[in-house]
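Novice: Below is the sequence, then the predicted model.
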Amino acid sequence: MAKKIPLRQCVGCGEMKGKKEMMRVLRTAEDGTFTLDVTGKKNGRGAYVCKNRDCLLKARKNKGLERSFKMSIPGEVYDTLEKEFDEFEAK
């Protein structure tokens, strides 16, 4: 029997992709901060974004993360995520 691949929807472009092909944006339960979870194993509420910068920008424009986390997200959070994204892409 074939192994089932967990699919997740990108909050930017709305495409369904395999969990491994995506980046997880995580909101920690303790202090409510947002970070990129590269491993996909950390605790907290997560939303998924494709591994390209365009989708992160689309998510910012269409308020994809706001819908996913059911709360308003300050612009600084997106700026921080963009910086983390750049660092990840540089590796």
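Specialist: Perfect, I can see it now. Residues are numbered from 1 along each chain as shown.

Novice: how close does Lys4 get to Lys19?
Specialist: 11 Å (Cβ to Cβ, to the nearest Å). Heads up, the C-betas are built off the backbone N, CA and C, glycines and all.

Novice: residue nearest the centroid of this protein?
Specialist: In the chain, the centroid-proximal residue (Cα atoms, centre = their mean) is Val25; its distance is 3.2 Å.

Novice: Tell me the secondary structure at the residue nearest to that one when sequence neighbours are not counted.
Specialist: Leaving aside its chain neighbours, Val25 sits nearest to Ala47 (4.9 Å; criterion: Cβ to Cβ, 6 or more residues apart in numbering). Put simply, Ala47 is strand when judged by DSSP: H, G, I helix; E, B strand; the rest coil.

Novice: And for Ala47, the neighbour number?
Specialist: 23 (other Cβ atoms under 10 Å).

Novice: Can you verify my assumption that it contacts Phe69?
Specialist: Yes: between Ala47 and Phe69 there is a contact under Cβ atoms under 8 Å: 6.6 Å.

Novice: burial count for the residue nearest to Glu21 when sequence neighbours are not counted?
Specialist: Residue nearest to Glu21 in three dimensions, not counting chain neighbours: Lys51, with 6.7 Å by Cβ to Cβ, 6+ apart. Lys51 is flanked by 14 other residues according to other Cβ under 10 Å.

Novice: now the one 10 residues further on
Specialist: A count of nearby residues for Lys61, using other Cβ under 10 Å, gives 9.

Novice: gap between it and Lys42?
Specialist: In terms of Cβ to Cβ, Lys61 sits 26 Å off from Lys42.

Novice: got it, and Thr28?
Specialist: Using Cβ to Cβ, Thr28 is found at 8 Å from Lys42.

Novice: for Gln9, same thing?
Specialist: As judged by Cβ to Cβ, Gln9 and Lys42 stand 20 Å apart.
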